[in-house]
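> Mind folding the following:
(chains A and B)
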Amino acid sequence: MSSIQLIQATPISLSSPLQALESCSTMAELKQHHSQIIKLGLSADNNAMGRVIKFCALSKNGNMGYAEKVFDTIPKPDTFIYNVIMNGYLQRQLPRYSIVLYSQMLQDFLAPNNFTFPCALGACCNDNAVEEGKQVHAHVFKFGFGSDGFSQNSLMHMYVKFESLEEARRVFDKMVKRNVVSWTTLISGYAQRGYIDEALKIFESSMTQRNSVVWNAMIAAYVQSNRFHEAFALFDRMRAEKVVLDKYVAASMLSACTGLGALEQGKWIHCYIEKNGIELDSKLATTIIDMYCKCGCLEEAFEFFNGLDYRGVSSWNCMIGGLAMHGKGEVAIELFQEMERKMVAPDNVTFVNVLSACAHSGLIKEGRYYFSYMTEVHGIEPRREHYGCMVDLFGRAGMLEEAKKLIDEMPMSADESVFGALLGACGIHGNIELGEQLGMRVIDLEPKNSGRYVILANLYSKAGRWEDVASVRKLMNDRGVKKSPGFSVIELGGVVNEFIAGEITHPQAKDIYAKVDEMLECIRSAGYVSNTDGVLHDLDEEERESPLHYHSEKLAIAFGLLNTNPGEILRISKNLRICRDCHQACKLISKVYDREIVVRDRNRFHHFRNGECSCRDYW
DNA sequence: GTAGGGTTAG
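The predicted model follows:
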């Protein structure tokens, strides 16, 4: 009682408890101030209650349940209060609650304002509420916020999410004042749907107001569509314009390096991050681990991983996946066990990686064990991806019946990737009948994926069924499906060199081809027989027109031998899978030239040393 | 009180 009298005695008495609300940091403090305010008789005061609710709904330590309780006691909540509570739900991933509140607000004849719409639209977006989103769009105009930048950007964002790019573009075109968010939203919108050229046009027109976010949206657009060189070019432009390199750009560029296998460039960015104190969060750490793994440096990846102060589940997953890719299944399992000892809860991705580690290393028993372990011990139900890994595991090992049985037993329908895993196995083990059925099915499911046609055609060619090979090729042509051309990349002295089979445009082309011939001569005397018998590779993944011995990886190796010192490791990345012939050749080259060669193909790593490959020919 | 960018398998 006495404290209230004291407050009432001074003229600033009413504002001070409200001011105190602004400085609270815990719910306990807030509740104290709240009860004081009620004692002052302000329980129906929207200004006072609004501040209480704001803290509960929006601050880090806020309690949404308390916000709801207070909300229920307010006789006539105003727009501000609705906004704050709707935002609270949105931030807590409860968009449906926000939408319900929005319509309640309209029923109460409260006019939404410029703060309401971004929230309501965001809620529709997160709840996939297309129809309601369109209605809110109409309200934006009806209530006079048609030219409010925040509302317009939120509209664009929503339409991008709903895949109505035309609608997003219409909003963008009508905007009188655009800001960085407008550019960014549209650029990434186009990029997500694969319209990179359109994204670039928007980017170029953002000239006057570009910050690192806009730059990154475009760089990421290139990276996501595998146009790594263009990402690098844009990055150079960005640095020339002295735009700061922040953690997002660093992450995108690391992915570009990963895509190309450009280790030196990746290391440079890693160094830059450390030197310039760029915040190393768990996502960025994962990107760095991924870069080292996919650029062939497991040791560096491990060193970095071990040096991290905090290792989130995605970092563990990435490291386990890296080991899997390098054929180190046993080590991957050990790392998983360490993860459990460190009490890091695995998620579904963890088990995808553990199972794929088993598949790549032929660990059938272990794969079976972890497949049931994930559900029994961690309560994680297997998804399609996990079934895909198991099909891959059995399939590679030649246990096609077992793989087929598993597909039949799946509680969900199999998709193209599950069938694809089995199809791949039919290819390895030459099961024509099953492969033919699956091939047709997978092509129907994914008519634009050239790889599917190639596997089926290869299967036919293995069986000598040339007419069928021809008809698959005709089908591809008729549908306008083109094989992605095979290329290999080798990075020397920070320069990325790219080779395409049979291509002669490289400045050192003459020397390179001579070196290939020399290489072949040398390995022939070591027992190499070029795998050209029959027309087995009639429709290989690599361009058919170029002779086998000028496949892109051979050109890259020749280039590497010409331009490095004895003993240096040659690291090559290939966008497709390495073919049998090149695999055999690499083994012998590693022996004859006494060179370690690391080849990353579409699926995994091959470490060639002294005539052997780390995959033990199991791939 | 409000909006935008990066990672993890096959």
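
> how about the strands in the stretch 51-200 of chain A?
In the stretch 51-200 of chain A, no strands are defined using DSSP state E, counting those that start in this stretch.

> should've said chain A
Using DSSP state E, the strands of chain A run over residues A:487-492, A:495-500, A:570-574, A:597-600, A:605-609, A:612-613.

> is the fifth one anywhere near DNA strand B?
This means strand A:605-609. No - against DNA strand B, strand A:605-609 shows no contacts by C-beta under 7 Å from any atom of the strand, the least distance being 10.1 Å. Where C-beta positions appear, they are placed from N, C-alpha and C, glycine not excepted.

> ok so, going back, need the strands of chain A in TSV (columns: mean neighbour count and mean pLDDT).
Shown next, in TSV, are the strands of chain A (neighbours: other C-beta atoms under 10 Å; pLDDT from 0 to 100):
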stretch	mean neighbour count	mean pLDDT
strand A:487-492	22	88
strand A:495-500	19	88
strand A:570-574	26	91
strand A:597-600	24	92
strand A:605-609	22	91
strand A:612-613	18	90
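
> possible to save these as TSV with distance to A:Gln337?
Listed next are the strands of chain A as TSV, based on distance: least, C-beta to C-beta, whole Å:
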stretch	distance to A:Gln337
strand A:487-492	35
strand A:495-500	38
strand A:570-574	30
strand A:597-600	27
strand A:605-609	23
strand A:612-613	27
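
> I'd assumed A:Ala403 was in contact with A:His429.
No - counting by C-beta atoms under 8 Å, A:Ala403 is not a contact partner of A:His429; they are 10.5 Å apart.

> who touches both of these two?
Both A:His429 and A:Ala403 are in contact with A:Gly395, where contact means C-beta atoms under 8 Å, 6 or more residues apart in numbering.

> neighbour count winner among those two?
In this view A:His429 and A:Ala403 are compared by other C-beta atoms under 10 Å, and A:Ala403 has more residues nearby, 24 against 15.

> Give me the nearest residue to the more buried one, chain neighbours excluded.
Leaving aside its sequence neighbours, A:Ala403 sits nearest to A:Phe394 (C-beta to C-beta, 6 or more residues apart in numbering; 3.9 Å).

> what number of residues lie near the closest residue to A:Ala463 other than its chain neighbours?
Leaving aside its chain neighbours, A:Ala463 sits nearest to A:Ile432 (4.9 Å; criterion: C-beta to C-beta, 6+ apart). A:Ile432 has 15 neighbouring residues, counting by other C-beta under 10 Å.

> picking that back up, what separation is there between the residue nearest to A:Ala403 and DNA strand B?
Distance of A:Phe394 to DNA strand B, given as C-beta to the nearest atom of the strand, to the nearest Å: 13 Å.

> and what of A:Asp444?
17 Å.

> In contact with the residue nearest the centre of chain A, which residues?
Note on chain A: the residue nearest the mean C-alpha position is A:Gln224, at 8.2 Å, using C-alpha atoms, centre = their mean. For A:Gln224, the contact set (C-beta under 8 Å, 6+ apart) comprises A:191-192.

> now do A:Glu446
By C-beta under 8 Å, 6+ apart, A:Glu446 lies in contact with A:416, A:452.

> circling back: which pLDDT does the model give the residue nearest to A:Ala403?
Per-residue pLDDT puts A:Phe394 at 93.

> I'd guessed it sits against A:Glu402; true?
Yes - the pair formed by A:Phe394 and A:Glu402 meets the contact definition of C-beta under 8 Å, at 4.5 Å.

> who's more crowded, the two?
Between A:Phe394 and A:Glu402, counting by other C-beta under 10 Å, A:Phe394 is the more crowded of the two (25 against 16).

> For the more buried one, list the residues it contacts.
Residues near A:Phe394 by C-beta under 8 Å, 6+ apart: A:364, A:400, A:402-403, A:406, A:425.

> Quick one: low-confidence residue ranges for the stretch 501-619 of chain A.
Across the stretch 501-619 of chain A, the ranges flagged by pLDDT under 70 are A:531-548, A:619.

> Show me what from it comes close to DNA strand B.
Neighbours of DNA strand B within the stretch 501-619 of chain A, by C-beta under 7 Å from any atom of the strand: A:603-604.

> ok, and the closest non-adjacent residue to the residue of the stretch 401-550 of chain A found nearest DNA strand B?
DNA strand B sits closest to A:Ser417 of the stretch 401-550 of chain A, with a gap of 3.4 Å, by C-beta to the nearest atom of the strand. In space, and not counting its chain neighbours, A:Ser417 is closest to A:Gly388: 5.2 Å by C-beta to C-beta, 6+ apart.

> Could you count how many residues lie near that neighbour?
Around A:Gly388 there are 26 other residues, counting by other C-beta under 10 Å.

> That one reaches A:Glu416, doesn't it?
No - A:Gly388 is beyond contact range of A:Glu416, at 9.9 Å (criterion: C-beta under 8 Å).

> how close does the residue nearest to A:Ser417 get to A:Ala463?
Distance from A:Gly388 to A:Ala463, counting by C-beta to C-beta, to the nearest Å: 26 Å.

> any chance you could map the helices in the stretch 151-300 of chain A?
A:165-174, A:180-192, A:196-205, A:212-224, A:228-240, A:247-260, A:263-275, A:282-294, A:298-306 (DSSP state H, counting those that start in this stretch).

> list the helices and strands the fifth one packs on?
Right, the one you point to is helix A:228-240. Judged by 3 or more C-beta pairs under 8 Å, 6 or more residues apart in numbering; DSSP states H and E, the packing partners of helix A:228-240 are helix A:212-224, helix A:247-260.

> Thanks again, I'm all set now.
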